[in-house]
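Trainee: here is the input, now give the coordinates:
(chains A and B)
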Amino acid sequence: MDGKKWGMVVDLDKCTGCQSCVVACQSENNIPINDEPLFNQRRAIEWIRVERYWEGEFPNIKARFIPVFCQQCDDAPCEPVCPVYATYHNSEGLNVQVYNRCVGTRFCANNCPYQVRFFNFWEPEWPESFHNQLNPDVTVRSRGIMEKCTFCVQRIRRTSRDAKKNGTSVEDGDRALNPACVNACPTGTLVFGDLNDSESNVAKLTESELHGDHGRGYHLMEDYGTNPSVIYLKKVDEDAELEEAHH
Amino acid sequence: MLPGDFPSIIPTKPNRKDMVRLGVLGITGLAGLALVVIILLFVISAWLGRPLSMFGYDEGPDQPIVFPHTTHVQELGLDCTFCHRNVTKGASATVPSVGLCMTCHTVVGDESAEIEKLRDYHAQSEPIDWVRVHRLPDHVRFNHQAHIQYFSEKNNILPSAVCATCHGDVGNMKKVRQVEPLKMGNCVDCHRDNNAPTDCTTCHY
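Mentor: Residues are numbered from 1 along each chain as shown, chains lettered A, B, ... in the order given. Next up is the predicted model:
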């Protein structure tokens, strides 16, 4: 458990905006079903959302997608504003939301530049047929509680527990360890792992893309200085590369 | 009364009606005070640990079938893990299915009315609606397997010898009751003593 720092790499060149991650997250983490009025009120709960941007004018128009979820910032703006220490940073680099401490001041959501914290304005409800599909490993958050992406900490806990039971260690890229969104992604856009383990995929990608020359890596809204644990790789622009090749 | 006169300081003897009224007021006041004290006792004792035994919480709840752990554990010497089979494998210890009970009770215990109840459940293919004794809040994740494994390896004892740490000597109980308060303080104290992680996400997620 010690010495880990969980992180994620999002390769925007691979994202097709299919929303599988959104659906997977919704069902893994017992998130209530959002309907249209909820979205209109800006009170929908989506731990991961795919933002869509249009680029260019009609004939040459391109859709750009960015999956946005809690960036698990090292210098998280949400943490110092919580009056009851319901959100804090743990030894594994996770920005933790403790549901049973939360009193629902919503300061953290107001201070989050990524808008990835969500408040339960109502007691969550599911249709009768969904009652047995709730994940027993995840708390159902009641009314008045803040919630956000946990990097599927229940899966991290389960794999580390199973590793301890069998006397093995947690493997990088283990599907039981990966968050639900990573497993659901059909194109391999999302890569999850331990940033402190230099052999892991995320650490290698960070090394080459974020710290290396001509890398595509960047942090979302880097200039805020929040030091996120999520690294985005920008989309490869085919036209731009062609132009460079001509020179 | 003339100006400058003082009213008599000797109280006049209250009449019978006033006496009755004052008496009733005093008695209701005392009763109210006693009620407040009892409620406070209950709240404070439940807050600190478990409600005082005078409130009847010391006894376990009534179960649909009077199941004596004493007979099975002490007289027959069954291991805890014989019935609670998942305790060394997964998160919950699990209550045995009616089928497991019936492996013995198809032939054993013809004389008991309670075992007839069990056979009725089996004949109707219905589960027994046991009343839960140990319940943790919904936001707590407790895994039996990890705790059983740690303590049995640390103290070099059988898995079934670990159970009593939290559940008390269930083998001695006619009716299962909760022995430890099982508050967060119990968990954290033990985690500190054993150098187990005390990060919130160890149990809360």
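Trainee: make it CA atoms for all contacts and neighbour counts henceforth
Mentor: Will do.
Trainee: how about the residues of chain A by chain B?
Mentor: A:90, A:96, A:98-100, A:137-140, A:153-154, A:157, A:161, A:165 (C-alpha under 8 Å from any C-alpha of the partner chain).
Trainee: among those residues, which one has the most neighbours?
Mentor: In terms of neighbour count, A:Val96 stands highest of these at 26 neighbours, by other C-alpha atoms under 10 Å in any protein chain shown.
Trainee: using the three-state scheme, assign it.
Mentor: strand (DSSP: H, G, I helix; E, B strand; the rest coil).
Trainee: in contact with it, which residues?
Mentor: Neighbour list for A:Val96: A:Ala86, A:Thr87, A:Tyr88, A:His89, A:Asn90, A:Thr150, B:Thr201 [criterion: C-alpha atoms under 8 Å, 6 or more residues apart in numbering or on different chains].
Trainee: return the backbone torsion pair for the third one.
Mentor: In this case it means A:Tyr88. Dihedral angles of A:Tyr88 (phi, psi; degrees, to the nearest 10) stand at phi -160, psi 170.
Trainee: the fourth one now?
Mentor: Note on A:His89: backbone dihedrals following degrees, to the nearest 10 are phi -100, psi 130.
Trainee: so it touches A:Gln97, yeah?
Mentor: No. A:His89 is not in contact with A:Gln97 according to C-alpha atoms under 8 Å; the separation is 9.0 Å.
Trainee: which of the two has more neighbours?
Mentor: A:Gln97 (25 against 18).
Trainee: list the residues that contact the closest residue to that one other than its chain neighbours.
Mentor: Spatial nearest neighbour of A:Gln97, chain neighbours left out: A:Thr87 (4.5 Å); criterion: C-alpha to C-alpha, 6 or more residues apart in numbering or on different chains. For A:Thr87, the contact set (C-alpha under 8 Å, 6+ apart) comprises A:Cys78, A:Glu79, A:Asn95, A:Val96, A:Gln97, A:Val98.
Trainee: so what's A:Thr87 scoring on pLDDT?
Mentor: Reported pLDDT at A:Thr87 in the predicted model: 94.
Trainee: so, low pLDDT: which residues of chain A?
Mentor: A:1-2, A:239-247 (pLDDT under 70).
Trainee: could I have the lengthiest helix in it exported to PDB, CA atoms only?
Mentor: Counting by DSSP state H, the longest helix found in chain A is helix A:153-166. Taking Å, rounded to 0.1, in the frame of the first residue of the first chain, the C-alpha atoms of helix A:153-166 are listed here in PDB:
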ATOM      1  CA  VAL A 153     -10.800   2.800  -4.800                       C
ATOM      2  CA  GLN A 154     -12.900  -0.300  -4.000                       C
ATOM      3  CA  ARG A 155     -11.200  -2.100  -6.800                       C
ATOM      4  CA  ILE A 156      -7.800  -1.000  -5.600                       C
ATOM      5  CA  ARG A 157      -8.600  -2.200  -2.100                       C
ATOM      6  CA  ARG A 158      -9.900  -5.500  -3.400                       C
ATOM      7  CA  THR A 159      -6.900  -6.300  -5.600                       C
ATOM      8  CA  SER A 160      -4.400  -5.300  -2.900                       C
ATOM      9  CA  ARG A 161      -6.300  -7.500  -0.400                       C
ATOM     10  CA  ASP A 162      -6.400 -10.400  -2.800                       C
ATOM     11  CA  ALA A 163      -2.700  -9.900  -3.600                       C
ATOM     12  CA  LYS A 164      -2.000 -10.100   0.100                       C
ATOM     13  CA  LYS A 165      -4.200 -13.200   0.500                       C
ATOM     14  CA  ASN A 166      -2.300 -15.000  -2.300                       C
END
